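Undergrad: Quick one: sequence plus predicted model below, questions after.
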Amino acid sequence: MVPWACGIDGCDAVFEDVESAVLHQTREHQRHECKVCGTIVPDGYFAIRHAFDEHTRAEYVRAYDADSAAVRRREQVKRDIESEANLQTVVERLDGSV
């Protein structure tokens, strides 16, 4: 099994499963304010998901002064997490159900 790294601001935390990594990002790191719309979201995966589900690539590039490589890297992170994670489990664990 491939370990999952947090990746936020040089955080070197590593997890055995992607769900634990996303939970760590959500619980242990400060919230992120979207530079496009001002929405406050957990940093990491949820911030990436918000940016690419709610805004266009052009909006993201302008707001974050990003280049195409940065966009592709974040889109790949989003795909990797969504292909591996059970996001319902993440939500349940955040709600304290599991």
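TA: The structure has been received and is ready for your questions.

Undergrad: Tell me which residue is most central in the chain.
TA: Taking Cα atoms, centre = their mean, the centroid of the chain lies closest to residue 45, which sits 0.9 Å from it.

Undergrad: any idea how far it lies from residue 58?
TA: The gap separating residue 45 from residue 58 is 22 Å, by Cβ to Cβ, to the nearest Å. In this view, the C-beta of every residue, glycine as well, is placed from N, C-alpha and C.

Undergrad: Please apply the same query to residue 42.
TA: Residue 42 is 24 Å from residue 58, by Cβ to Cβ.

Undergrad: Check residue 94 too.
TA: 31 Å.

Undergrad: Neighbour count for these two, which is higher?
TA: Using other Cβ atoms under 10 Å, the more surrounded residue of residue 94 and residue 58 is residue 94, with 14 against 9.

Undergrad: quick one, what contacts that one?
TA: Going by Cβ atoms under 8 Å, 6 or more residues apart in numbering, residue 94 touches 23, 26-27.

Undergrad: Likewise for residue 4?
TA: Contacts of residue 4 by Cβ under 8 Å, 6+ apart are 14-18, 20-21.

Undergrad: how about a cut-off of 10 Å?
TA: Contact partners of residue 4, counting by Cβ atoms under 10 Å, 6 or more residues apart in numbering, are 13-22, 24, 80-81, 84-85.

Undergrad: Spatially nearest residue to it (excluding sequence neighbours)?
TA: Excluding the flanking residues, the one nearest residue 4 by Cβ to Cβ, 6 or more residues apart in numbering is residue 21, at 4.0 Å.
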